[in-house]
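A.B. asks: Requesting a structural model of the entry that follows:
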Amino acid sequence: MNSEKFKRLDEHNINVSWQPKSDDYAAAVSEDDKIDINFSKILDGKVCLVTGASDGMGYTMAHLYAEHGAKLIITARRKEKLEAAAAKIAEETGAEVTPFVADASNKEDARKVMAFIREKYGRLDTLVNNAGVGDQFRAETATDDAIDSMVDINLKGPMYYCREALNLMLPQNYGNIVNVSSVNGVRPLCGSSYSAAKGGLNTLTKSIALRCVGTGVHCNALCPGFTVTPLSLRQEAVDKGDAGLAPVGSDMIPILHKRSVRNVPTFPIDQAMLALFLGSDMSRAITGQVIVCDNGQYL
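C.D. replies: All right, here's what the predicted structure looks like:
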């Protein structure tokens with residue numbers, strides 16, 4: 001084989017070209033075609049960061065990671081709610097869970113979280129960029145604040161966390177990044193700013209994966225469809241005109257309902273199981289992929 005074609009030598013001096021260790025092809029494949037995974041503890045001892053983990057999908061992902069042996073750091077903006085979530089996960093799983101109050105859209109918070117992880121553990125094995133927010137504004141009705149919010153939280157935030165994570169993962173030549181995007185980044189039936197930001201996140205995912213091809217770092221996007229969470233139920237309530245809830249737009253609702261199947265929702269555990277797969281060595285040959293998990297809603 002032409003090893004030069006596959007060689008990646010980067011600034012960390014990681015030589016990641018693959019060469020058979022034996023002239024006997026069968027023996028060489030047999031030697032490399034092995035992986036040691038404890039399927040009852042898929043993330044045993046792995047250091048994992050999940051953002052936006054105080055409730056909904058993020059909480060369920062963090063809980064499942066803890067069940068599988070991860071050493072967890074979870075973030076969210078509201079201290080009391082985050083600490084309660086961390087305590088519950090630790091009590092129910094016996095895992096080491098550290099709550100870290102952070103705004104997922106704030107670059108300084110991203111640096112602080114990663115500095116804490118570097119100091120405490122010296123490594124980061126999996127990053128799940130879960131924190132996000134949605135809206136239903138059309139392009140011509142979206143306010144400046146709505147546009148800024150969608151881009152800051154759904155695109156710039158994950159970019160900050162990916163940047164900091166890569167500076168831990170590349171030197172160790174290992175890591176999994178799971179960007180929680182949306183099916184609307186593939187088929188834009190929700191708000192224009194939201195869909196554009198999630199589409200950008202999918203492209204960011206592919207860009208990172210391309211840069212890391214041949215290293216031990218992988219990056220994939222998980223794209224949920226309509227998933228039953230406190231955030232999605234709030235959106236449903238706003239759509240029905242319930243008083244007391246801040247508007248998040250409803251302009252795109254008729255189009256969304258016309259072109260998707262809304263009576264086959266997914267649940268947080270459905271997304272968490274895919275996040276577990278993508279955040280572990282089970283997906284070691286998968287990178288740069290945008291994977292939809294929507295129970296067929298957007299076909």
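A.B. asks: Next, count neighbours for the closest residue to Arg262 other than its chain neighbours.
C.D. replies: Take Arg262 and drop its neighbours on the chain: the residue closest to it by CB to CB, 6 or more residues apart in numbering is Phe226, 6.2 Å away. C-betas here are computed from N, CA, C, even on glycine. When neighbours are defined as other CB atoms under 10 Å, Phe226 has 23 of them.
A.B. asks: Report pLDDT for Phe226.
C.D. replies: Per-residue confidence (pLDDT) for Phe226: 87.
A.B. asks: now Leu245
C.D. replies: 38.
A.B. asks: same check, this time on the one 3 residues further on
C.D. replies: Predicted confidence (pLDDT) at Val248: the value is 51.
A.B. asks: okay, now Thr98: neighbour count?
C.D. replies: Applying other CB under 10 Å, we find 16 residues neighbouring Thr98.
A.B. asks: List the contacts of the strand or helix carrying Ala86.
C.D. replies: According to DSSP states H and E, Ala86 maps onto helix 79-93. With contact meaning CB atoms under 8 Å, 6 or more residues apart in numbering, helix 79-93 is reached by 53-55, 59, 62-63, 66-67, 72, 74-76, 95-99, 101.
A.B. asks: How many residues are close by the nearest residue to Asp125 once chain neighbours are set aside?
C.D. replies: Using CB to CB, 6+ apart and skipping the chain neighbours, the partner closest in space to Asp125 is Lys46 (4.0 Å). Number of residues near Lys46 (other CB under 10 Å) recorded here: 23.
A.B. asks: where in the stretch 101-250 of the chain is pLDDT low?
C.D. replies: Along the stretch 101-250 of the chain, segments meeting pLDDT under 70 span 231-250.
A.B. asks: quick one: the helices in it?
C.D. replies: Remark: helices assigned in the stretch 101-250 of the chain by DSSP state H, counting those that start in this stretch are 107-120, 144-151, 157-172, 192-212, 230-239.
A.B. asks: Please render the ones you listed as TSV that adds mean neighbour count and distance to Val180 to the earlier fields.
C.D. replies: Below are those laid out as TSV (neighbours: other CB atoms under 10 Å; distance: least, CB to CB, whole Å):
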stretch	mean neighbour count	distance to Val180
helix 107-120	16	16
helix 144-151	16	15
helix 157-172	21	8
helix 192-212	21	9
helix 230-239	15	12
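A.B. asks: and stretch 110-118, how far out from the chain's middle?
C.D. replies: Stretch 110-118 sits 17 Å away from the centroid of its parent chain (CA atoms, centre = their mean, to the nearest Å).
A.B. asks: should've said stretch 112-132
C.D. replies: Centre-to-centre, stretch 112-132 and its host chain are 13 Å apart (CA atoms, centre = their mean).
A.B. asks: Ok, stretch 106-118 next?
C.D. replies: Chain-centre distance of stretch 106-118: 17 Å, with CA atoms, centre = their mean.
A.B. asks: Against Ile42, how distant is the residue lying closest to Asn167 once chain neighbours are set aside?
C.D. replies: Using CB to CB, 6+ apart and skipping residues adjacent in sequence, the residue nearest Asn167 is Met114, 7.5 Å away. For Met114, the distance to Ile42 (CB to CB, to the nearest Å) stands at 24 Å.
A.B. asks: and what of Leu204?
C.D. replies: Separation of Leu204 from Ile42 (CB to CB): 26 Å.
A.B. asks: Tell me which of the contacts of helix 79-93 fall in strands.
C.D. replies: Within the contacts of helix 79-93, residues falling in strands by DSSP state E are Leu72, Ile74, Thr75, Ala76, Val97, Thr98, Pro99, Val101.
A.B. asks: Buried subset of those residues as a ChimeraX selection?
C.D. replies: Selection command for ChimeraX covering only the buried members of the ones in strands among the contacts of helix 79-93, criterion 16 or more other CB atoms under 10 Å:
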select :72,74,75,76,97,98,99,101
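A.B. asks: which of the ones in strands among the contacts of helix 79-93 lies closest to Ile208?
C.D. replies: Top of the list for closeness to Ile208, among these and by CB to CB, is Thr75 at 19.9 Å.
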